[in-house]
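Participant: Compute the structure for the input listed below.
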Amino acid sequence: MALDSNELHQHDAPDVDLSVNCDDRILGHENCNLAAIQEELLEEDSLSDLLLAGAEAVEAGDSILASVAFSRLDDSLSGILENGAASSFDRLAYHFDQEPLPSGTMLVNQIIQGLSPFVKFAHFTTNQAILDATVGDMDVHVVDLNIGEGIQWSSLMSDLARRGGNSFRLTAITIYGEYNDSTHATAVRLLPEFAESLELPFQYNSICVHNEDELHAFFEDCKGSVIVSCDTTSMYYKSLNTLQSVLLVCVKKLQPKLVVIVEEDLVRIGRGASTPSNASFVEFFFEALHHFTTVFESLVSCFSGSNYEACLRLVEMELVGPRIQDFVGKYGSVRVEANASEVLEGFMACELSACNIAQARMLVGLFNRVFGVVYEKGRLALCWKSRPLISVSVWIPV
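Facilitator: Next up, the predicted model:
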């Protein structure tokens with residue numbers, strides 16, 4: 001899978017004029033092809049045209065266009081196997097249409113990234129906070145506690161290369177059970193290639209751990225200032241406890257200059273009485289019901305139009321549904337720590353820059369106007385109808 005072009009977009013360092021910085025970064029690349037997708041495929045009526053359009057989209061790595069093409073095919077081929085009058089080509093087309101289905105989770109992630117503000121909000125806000133904190137630093141070392149495909153770092157790498165005089169070191173700490181060979185291989189292959197294309201000095205290391213005890217060797221070898229990034233929004237419920245334990249020990253041992261945490265509001269650290277560690281099942285179920293209703297309602301707004309129905313169904317079946325089942329079904333199986341004063345002891349909330357806040361507002365403004373951002377000291381939340389969905393919080397040593 002190629003790195004998303006939106007994530008490779010460069011933006012200026014924080015000392016550049018705010019309007020130029022934010023406009024260049026967001027407005028130039030967000031809607032370049034989405035408006036054309038529906039018009040293009042509405043003109044494709046025959047099965048052969050749709051199959052070819054889907055194949056071309058897959059070859060080009062355009063997951064959104066591929067999903068729309070296969071949505072049209074699904075509609076055209078519904079019930080084809082039970083139809084005795086169907087032609088041989090119709091039946092053959094059905095089997096061609098089924099092949100992309102196993103790509104599941106990776107495709108869903110690409111769709112979410114392309115059609116909703118969730119991913120970009122988290123990535124851009126995190127990266128801008130890191131840029132703001134490392135002005136004047138020669139070496140930037142990020143410890144990432146949930147790297148996934150690593151695509152979130154391409155934008156930061158572009159900015160560091162543009163700023164000049166920087167090297168970038170990335171250490172990925174992966175929780176056993178969340179580790180995925182193919183996903184990790186994507187980060188291992190693409191990030192060094194991208195750094196080389198930018199002529200950015202780059203070092204990548206990864207550690208897969210069962211528990212925090214396995215990190216002592218890394219702590220002993222880690223020299224200089226570091227930034228800890230912890231994105232929990234894609235984590236399974238059972239892994240949250242381990243991840244927060246790893247975050248706790250990283251904060252204590254590394255004493256980072258900055259900690260950036262991206263969280264789903266339902267299980268946000270320090271959220272209070274309705275977090276899984278404090279709430280009864282009924283209380284948590286009620287909060288989960290409201291949270292996921294809001295999440296799904298916001299996603300529906302991003303997938304408006306009949307040609308995006310298949311995308312929405314796929315996101316529902318592969319992402320929203322499994323997360324509901326995981327969070328509600330695994331309730332009580334582990335204790336998810338919710339005490340912010342313990343996890344982030346010795347740290348205080350850090351004010352986000354005016355550019356970071358304005359950038360987030362501009363980004364969500366490109367989507368449905370019901371999306372918004374709410375800023376409280378050190379925490380920026382993406383909201384739907386004023387209800388927080390995910391948030392990015394930034395912490396510095398006291």
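Participant: so what does the longest helix anywhere in the chain touch, helix or strand wise?
Facilitator: Scanning the chain for the helix with the most residues, using DSSP state H, yields helix 281-302. The elements that helix 281-302 packs onto, with contact taken as 3 or more C-beta pairs under 8 Å, 6 or more residues apart in numbering; DSSP states H and E, are helix 309-315, helix 321-329, strand 379-384, strand 387-397. Any C-beta I mention is one placed from the backbone N, CA and C, and that applies to glycine too.
Participant: okay, which residue is most central for the protein?
Facilitator: Val119 (3.8 Å; C-alpha atoms, centre = their mean).
Participant: And the strands in this structure, which stretches?
Facilitator: Assigned by DSSP state E, the chain shows strands spanning 139-144, 167-175, 202-209, 227-231, 258-264, 347-349, 371-376, 379-384, 387-397.
Participant: what's in contact with the shortest one?
Facilitator: Contact with strand 347-349 is made by 251, 259, 377-379, 393-398, as judged by C-beta atoms under 8 Å, 6 or more residues apart in numbering.
Participant: State the pair within those that is farthest apart.
Facilitator: By the measure C-beta to C-beta, Val251 and Lys377 form the most distant pair in the contacts of strand 347-349, at 19.0 Å.
Participant: where does the stretch 151-300 of the chain have low pLDDT?
Facilitator: Applying pLDDT under 70 to the stretch 151-300 of the chain flags the ranges 177-183, 211, 269-278.
Participant: Buried among the contacts of strand 347-349? Make that a PyMOL selection.
Facilitator: Selecting only the buried entries of the contacts of strand 347-349 in PyMOL, with 16 or more other C-beta atoms under 10 Å as the criterion:
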select buried, resi 251+259+378+379+393+394+395
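Participant: circling back to that earlier point, for the residue nearest to the centre of the chain, which residues are in contact?
Facilitator: By C-beta under 8 Å, 6+ apart, the neighbours of Val119 are 109, 112-113, 152.
Participant: Give me the local confidence score for it.
Facilitator: If you check Val119, the pLDDT there is 92.
Participant: Repeat that for the one 3 residues further on.
Facilitator: Looking at Ala122, its pLDDT stands at 95.
Participant: which non-adjacent residue is nearest it?
Facilitator: Nearest in space to Ala122, with sequence neighbours left out and distances taken as C-beta to C-beta, 6 or more residues apart in numbering, is Val262 at 4.7 Å.
Participant: thought the one you found was touching Ile390?
Facilitator: Yes: Val262 lies in contact with Ile390 (C-beta atoms under 8 Å); the separation is 6.5 Å.
Participant: any common contacting residues for those two?
Facilitator: 122, 233.
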